[in-house]
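>>> Output the structure for:
(2 chains)
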Amino acid sequence: MELSLPKNLDRATTLRYLGAANWTPDENTETLLRTAESELRAACTPRGIWRELPADLPWLHDGGSDLARHLSGCDGVVLMAVTLGSGADALLRRLCLRDIALGAVADAAASVLMEGLCDDLEAQIRTQQQKQGRYMTGRYSPGYGDCPLAMQDELCLALDTVRGIGLCVTKEHLMTPRKSVTAILGTAEHPVTGARAGCAHCVLRETCAYRKRGTTCETG
Amino acid sequence: MKLAELFDRKRFILMDGAMGTQLNERGLKPGEKPELAAFSMPETLEAIHRDYARAGADVLFANTFGANPKKLAGTGYTTQQVIAESIACARRAAVETGALVALDIGPLGELLVPAGTLEFEEACSQFADMVRAGVEAGADLIVLETMTDLYELKAGILAAKENSNLPVLVSMSFESRGRTFTGCTVESFAATAAGLGVDGIGINCSLGPVEILPFAKRLCRCVPAGMPVFVKPNAGLPNPDGSYDITPEEFARDMREYLTTGVSMVGGCCGSNPEYIRLLKETFADKVPARKVPVRKSVLCTPVRCVEVNGITVVGERINPTGKKRLQQALREGDSAYPCAQAVAQAEAGTQVLDVNAGLPGIDEAEVLTHLVKELQGVTDLPLQLDSSNPDALARALRIYNGKPIVNSVNGEQAVLDSILPLCKKYGAAVVGLTLDEHGIPKTAGERFAIAERIVRAAESVGIPREDIYIDCLTLTASAQQEGAAQTLEALTRCKKELGVRTVLGVSNISFGLPCRGYMNSTFLTMAMQAGLDLAIINPNTPEMMGAVRAFRVLTSQDEKSADYIEAYAGVQVQTTQSAKTDTTAQVPVSGGQMSLFDAVRRGLKAEARQAAKQALEVTEPLTLVNETLIPALDAVGDGFEKGTIFLPQLLQSASAAQAAFELVKEAIAASGRQGESRGRIVLATVKGDVHDIGKNIVRVILENYGYDVLDLGRDVPPETVVQAVRETGAPLVGLSALMTTTVASMQATIEALHREGLPCKVMVGGAVLTPEYARQIGADFYARDAKASADIAKQIFS
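Next up, the predicted model:
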């Protein structure tokens, strides 16, 4: 289905993705952010798809222990996939040639818009679940913790993302269009919180630049 | 029924309905592969087909939609097995009514380069496997359906036509905005598929009958009169849970609207069942399809942009190495970033079609042209004019072109016509015919007109329609043959009026050898436009040429209410100055005082940097400017970045400003004819399997700013390509990037390949998941934390 981009671009997060957290941008950078946002709004065709399925899908068993912890106590899962569309990728390729600064800012801004889309869709699904008296965990994506990236293939197949939103998976299990996200959320009759892999389970835990600074990628 | 009935349009042809929906309803379990139904539930599959046949379907689509090698991987079944069994199953069900059985082919499930990583020829080969299996299994026809990527569809059509003699029907799936997921328009789909010679064209899936109707009408207007159009809509729009609401009765009622559209085959897609087809049969039985009234248009296209050549159309001439030293250098070095940037700049200046020429002595034209077309398709949505007379180069470039291009050119020479026109026909390209032959360029308009007539006859005899023929009456140099201009224009007008073809001219040739060429060019362009010129091959970056085009559009009422003219020029000041030696007409935005190059780069101001560099180069040697101004400015910014006083967005803006200045430096060096003293060669690549290349792109710009010759191999680059590039360039430094943990493995494989070949280069690596330790582990010599660090490493290597 068609989704709407967040009304405002979260500039603070965009700057954080660009390694400039807590920086008040100068006038030129403000202009870049504005241009990037308006070009992205013209080029993106945000689409999303989701399905609720039983939690005993055979392929979910191969998702590793972190995902299992995330889904523990859940009898259902919601699979979701969101993409900014291939127009966003084409725009980013073009912008990198026109102006590398604009290209990099737009790349970060696209990721931020993507996150916003996911948050919006998740909130929508959560409201529906609540209406049915059900509870839902947060999002968990293939590649987090010890969950293999290869699970992307099964997830996209189960959602038929190719037909539904034009989202494909490469041989190496990367998503194209590039600015896309898939996620698994657990659902249950009783309150569940899930367990995002978190730093302790992150593959980057030894090397993370945020951790070295005493923060996390979620707090900046 | 007989195959020929499909195409004679004497009655409506009924196609079947959904397969997936039916399999699910009749017992396919979640997680079970629908592609294997012929083995896992053959009776059910046959029953579904039989129910459709009994409901009145003339064509049954075998359950082969996803029988491609990728989707069957790990199932234990091959494409051949699945297709043979599935077609046999449909055939058994068809016996009773005599329905035809189609080999049904859906998308491969991977995006092609540049959107994804699947190579065009690999897609062709997967489709070819399916086509051969279908032929073997006795399919009556081939249907490529639910396609959303025009490029993938083209691969499928070529595979079908090159591996079978069966009729080929194709259909794409559009969203309610009238485009496919990848942005393809109805018109681009029609122009490309019809050009490739399919036998029928349609729209299926995604939308219901009501939503598809306007697109089907558009499709009927833009395909040839004899080509059948079909629709297979969903049972309405899907609900969020994947179910459909429209009843068979409502479906049949909505489909009634198609009786008068020119559509001649109907069926259903997701959510439909045999009852839908039965009612459809009732609605359409005994009815005769309406006659289609196509509008014959001259179009060129890429998937997302369909350019109708109706009135003056600008072809950008900048990607042609003739007389352009900087481009020559880029083509020789395999640097595609420069021509790609030229493409983006020309698009912004208002070009509608891009000329691409790779004819340069000493290079492999076929290889370079093909590569260039691939790269350009990634960064521009403008249709291309493939500018070559080399049949091999054209054949290869036409094959991988995504859309409908124009070939420049053939001429009146029989051998040329014989070798190039069939290529244009096979790949559905428009063609430019030059009015010259083995005897040279005739002097008079009459003689040129005679050659044009010959070219038109030859093109039509191979099946190229007149609207795809563009005649070039040839611009002669006014300084050498003054009376030539009038002959050219007279011939142009005659060709347009008497032959009904489109016309084209390379305009700039008129002024060769004369001073103040801009005056000559824009005046001749204006005269030619008045004489009926359609395609003007010009430099769109020259303000007076685009000015003439835009003004002409206003004065001939093509630009309604002067809207485009005003948009282009509101707030622009034209300054004209003439001095004894130079003539410059420039449009400058009103801006403040002068700024030094150093300051402009440090503050990240692109326009100011370009201006300052331009002035500095009048009095300073290019390399002095690089060493004494550009690099110190970049160093100052880099130091600030390291200290944390300057942030990445600022560093990048400085890089961008420096890049603008550096482009002028490179032009100055190329123009001087001296070999630029390179500070060193570096090969860059985002490794195999990885498509995240923003970091690598940043590194490229920074390294180029420091004066290094960077060969950027792009993303998803296999180890052997890196090895070959290092061997050919002798680059002492290689930079590799990877974003994902999974692709660091291919980074390691690339480093190992370089070592195995004994190449004496050093390797630096970068990317989100890398660390100094990790870099050492995989055998890299350097870990580049960020772009600045990569410049420091380069300094160390080349000091």
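>>> For the helix or strand hosting B:I83, which residues meet the burial criterion?
Element membership of B:I83, judged by DSSP states H and E, is helix B:79-94. Residues of helix B:79-94 classed as buried: B:79-91, B:93-94 (neighbour count, 16 or more other C-beta atoms under 10 Å in any protein chain shown). C-beta: built from backbone N, CA, C; applies to glycine.
>>> who does that helix touch, helix- and strand-wise?
Where contact means 3 or more C-beta pairs under 8 Å, 6 or more residues apart in numbering or on different chains; DSSP states H and E, helix B:79-94 is packed against helix B:37-40, helix B:42-55, strand B:59-61, helix B:69-72, strand B:100-105, helix B:120-136.
>>> Give me the neighbour count for B:T44.
B:T44 has 17 neighbours, counted by other C-beta atoms under 10 Å in any protein chain shown.
>>> Tell me which stretches of the stretch 101-250 of chain B form helices.
B:120-136, B:150-163, B:186-195, B:209-222, B:248-255 (DSSP state H, counting those that start in this stretch).
>>> and the first one with helix B:150-163, angle?
Orientation note: helix B:120-136 sits at an angle of 50 degrees relative to helix B:150-163 (axes from the mean of the first three to the mean of the last three C-alpha atoms, to 10 degrees).
>>> list the helices and strands helix B:120-136 packs on?
Secondary elements touching helix B:120-136 (3+ C-beta pairs under 8 Å, 6+ apart): helix B:69-72, helix B:79-94, strand B:100-105, strand B:141-147, helix B:150-163.
>>> got it, and the shortest one?
Contacts defined by 3+ C-beta pairs under 8 Å, 6+ apart place helix B:248-255 against helix B:209-222, helix B:274-284.
>>> got the angle for the shortest one vs helix B:209-222?
For helix B:274-284 against helix B:209-222, the angle between stretch directions is 50 degrees (the same axes, to 10 degrees).
>>> which stretch in the helices and strands packed on helix B:79-94 is the model least sure about?
Lowest mean pLDDT of the helices and strands packed on helix B:79-94: helix B:69-72, a mean of 90.
>>> How far away from the center of its chain is that one?
The chain centroid and the centroid of helix B:69-72 are separated by 27 Å under C-alpha atoms, centre = their mean, to the nearest Å.
>>> Check stretch B:103-117 too.
15 Å.
>>> Name the nearest residue to residue 3, ignoring sequence neighbours.
No chain in the question, so chain A it is. Nearest-residue entry for A:L3: A:P46, 4.3 Å, with adjacent residues in sequence omitted and distances by C-beta to C-beta, 6 or more residues apart in numbering or on different chains.
>>> The chain in question should be chain B.
Excluding the flanking residues, the one nearest B:L3 by C-beta to C-beta, 6+ apart is B:D140, at 5.9 Å.
>>> got a list of what that neighbour touches?
Contacts for B:D140 (C-beta atoms under 8 Å, 6 or more residues apart in numbering or on different chains) come out as B:L3, B:L100, B:V101, B:A102, B:L166.
>>> Of those residues, keep whichever come out buried.
Buried by 16+ other C-beta under 10 Å: B:L100, B:V101, B:A102, B:L166, out of those.
>>> can you redo those residues as JSON lines with distance to B:A47?
JSON lines is the format used below for the buried ones among the contacts of B:D140 (distance: C-beta to C-beta, whole Å):
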{"residue": "B:L100", "distance to B:A47": "19"}
{"residue": "B:V101", "distance to B:A47": "16"}
{"residue": "B:A102", "distance to B:A47": "19"}
{"residue": "B:L166", "distance to B:A47": "26"}
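>>> since we're on residue 25, how many residues are nearby?
As the question left the chain open, I've gone with chain A. Neighbour count for A:P25, taken as other C-beta under 10 Å: 20.
>>> Wait, chain B was what I had in mind.
Other residues near B:E25 number 12, with proximity taken as other C-beta under 10 Å.
>>> What count of nearby residues applies to the nearest residue to it once chain neighbours are set aside?
Distance criterion C-beta to C-beta, 6+ apart; nearest residue to B:E25, sequence neighbours excluded, is B:N273 at 7.5 Å. Neighbour count of B:N273, defined by other C-beta under 10 Å: 20.
>>> who's sitting farthest from the centroid in chain A?
Within chain A, the residue lying farthest from the chain centre (C-alpha atoms, centre = their mean) is A:E27, at 29.6 Å.
>>> how about low-confidence regions in chain A?
A:197-209, A:211-213, A:218-220 (pLDDT under 70).
>>> show me where it has helices.
Here chain A has its helices, by DSSP state H, at A:11-17, A:27-43, A:64-70, A:86-98, A:100-131, A:151-159, A:161-165, A:209-212.
>>> Could you list the single helix or strand in chain B with the lowest mean pLDDT?
Least confident helix or strand of chain B, by mean pLDDT, DSSP states H and E, is strand B:583-588 with a mean of 44.
>>> List of residues touching the helix or strand that that strand is followed by?
Once the chain leaves strand B:583-588, the next helix or strand it forms, by DSSP H and E, is helix B:597-602. Outside helix B:597-602, the residues within contact range by C-beta under 8 Å, 6+ apart are B:608-609, B:611-613, B:616, B:625, B:629-630, B:632-634, B:636-637, B:654, B:657-658, B:661.
>>> Compute the inter-axis angle for the longest helix seen in chain B and helix A:86-98.
Assignment by DSSP H gives helix B:648-672 as the longest helix of chain B. Inter-element angle recorded for helix B:648-672 and helix A:86-98: 60 degrees (by the same axes, to 10 degrees).
>>> Helix B:648-672 and chain A in contact?
Yes. Interface with chain A: helix B:648-672 contributes B:L648, B:P649, B:Q650, B:L652, B:Q653, B:A655, B:S656, B:Q659 (C-beta under 8 Å from any C-beta of the partner chain).
>>> how about that helix: buried residues?
B:648-670.
>>> hang on, B:M764 in a helix?
No. Counting by DSSP: H, G, I helix; E, B strand; the rest coil, B:M764 falls outside a helix, being strand.
>>> That one contacts B:S737, correct?
No. Between B:M764 and B:S737 no contact is recorded; they are 9.6 Å apart, counting by C-beta atoms under 8 Å.
>>> How about the secondary structure of B:L6?
Following three-state DSSP, B:L6 is assigned to helix.
>>> Would you quantify the distance from it to chain A?
26 Å (C-beta to the nearest C-beta, to the nearest Å).
>>> what comes up buried for stretch A:3-19?
For stretch A:3-19, by 16+ other C-beta under 10 Å, it's A:L3, A:L5, A:P6, A:L9, A:R11, A:T13, A:T14, A:L15, A:R16, A:Y17, A:L18.
>>> Closest one to chain B out of those residues, please.
Among those, A:L18 lies closest to chain B (C-beta to the nearest C-beta), at 4.9 Å.
>>> who's in contact with the closest one?
By C-beta under 8 Å, 6+ apart, the contact set of A:L18 is A:A104, A:V105, A:A108, B:F647, B:L648, B:P649.
>>> Now distance to B:T302 too, for those, in TSV please.
Formatted as TSV, the contacts of A:L18 follow (distance: C-beta to C-beta, whole Å):
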residue	distance to B:T302
A:A104	26
A:V105	26
A:A108	28
B:F647	37
B:L648	33
B:P649	32
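>>> Name the nearest of these relative to B:A330.
Nearest to B:A330 out of those is A:A104 (C-beta to C-beta; 23.3 Å).
>>> Determine whether any part of stretch B:307-326 lies close to chain A.
No. Using C-beta under 8 Å from any C-beta, stretch B:307-326 stays clear of chain A, coming no nearer than 13.4 Å.
>>> Ends of that stretch, what's the gap?
Start-to-end span of stretch B:307-326 (C-alpha to C-alpha, to the nearest Å) is 30 Å.
>>> and that stretch, how far out from the chain's middle?
Distance of stretch B:307-326 from the chain centroid (C-alpha atoms, centre = their mean) equals 16 Å.
>>> avg pLDDT for that stretch?
The average of the pLDDT scores along stretch B:307-326 is 95.
>>> now swap in stretch B:570-577 and tell me
Per-residue pLDDT values over stretch B:570-577 give a mean of 79.
>>> Quick one: distance of that stretch to the chain centre.
Relative to its chain's centre, stretch B:570-577 lies at 35 Å (C-alpha atoms, centre = their mean).
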